[in-house]
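Trainee: predicted model follows, preceded by the sequence.
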Amino acid sequence: MLSMTSEVPNHSTARNPPATTEDIVRAVAEREGVAATDLTPLYDVVDPEALDAMVTHTETTVRVSFDYEGYTVTVEDETVTIEEL
C-alpha cells in the first residue's frame, strides 16, 4: 500500500481557497508518472467545488473518501491522503 500525505497550505500562505482538488490531481499524476491532463477529470468522480467548500469553509472536522485513478483519496480537513487500491 502506497501512502502519501500532503498538507494543503493554510489560508495565510495559500491561494484563497487552498487548492485541495488541484493537489489531489497533481499527487495522483506524480504517482502515475503522467501529466495531470492525462488523468480522468476529477469532476467525473467528485464535485471539486463542493469538496473544496466542505474542506475549507467549515470549522468542524470533515472526512471524505473516494476512489480515483486506482487510489483511495481521503481528504480530512486540509490533509490529503492517497493510498493505492
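Mentor: Sure, I can see it.

Trainee: so which elements touch the one helix or strand Met54 maps to?
Mentor: Per DSSP states H and E, Met54 falls inside helix 48-56. Helix 48-56 makes packing contacts with helix 20-32, strand 63-68 when contacts are defined by 3 or more CB pairs under 8 Å, 6 or more residues apart in numbering; DSSP states H and E. Heads up, the C-betas are built off the backbone N, CA and C, glycines and all.

Trainee: and those: which comes nearest Ala53?
Mentor: Ala53 lies closest, by CB to CB, to one member of the helices and strands packed on helix 48-56: helix 20-32, at 9.8 Å.

Trainee: what packs against the closest one?
Mentor: Packed against helix 20-32 by the contact rule (3+ CB pairs under 8 Å, 6+ apart) you find strand 3-7, helix 48-56, strand 71-76, strand 79-84.

Trainee: quick one on the thing from earlier: list the buried residues for the helix holding Met54?
Mentor: Neighbour-count burial for helix 48-56 flags Pro48, Leu51, Asp52, Met54, Val55, Thr56 (criterion: 16 or more other CB atoms under 10 Å).

Trainee: follow-up on the earlier one: out of the helices and strands packed on helix 48-56, which one sits most buried?
Mentor: Most buried of those, by mean neighbour count (mean count of other CB atoms under 10 Å): helix 20-32, with a mean of 18.

Trainee: in CSV, could you pull the C-alpha coordinates for it?
Mentor: This file holds the C-alpha atoms of helix 20-32, laid out as CSV (Å, rounded to 0.1, in the frame of the first residue of the first chain):
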residue,chain,number,x,y,z
THR,A,20,-7.2,20.8,-2.4
THR,A,21,-8.6,19.4,-5.6
GLU,A,22,-5.6,20.6,-7.6
ASP,A,23,-3.3,18.9,-5.0
ILE,A,24,-5.2,15.6,-5.5
VAL,A,25,-4.8,15.6,-9.2
ARG,A,26,-1.2,16.7,-9.0
ALA,A,27,-0.3,13.9,-6.5
VAL,A,28,-2.0,11.2,-8.4
ALA,A,29,-0.4,12.3,-11.7
GLU,A,30,3.0,12.2,-9.9
ARG,A,31,2.4,8.7,-8.6
GLU,A,32,1.4,7.5,-12.0
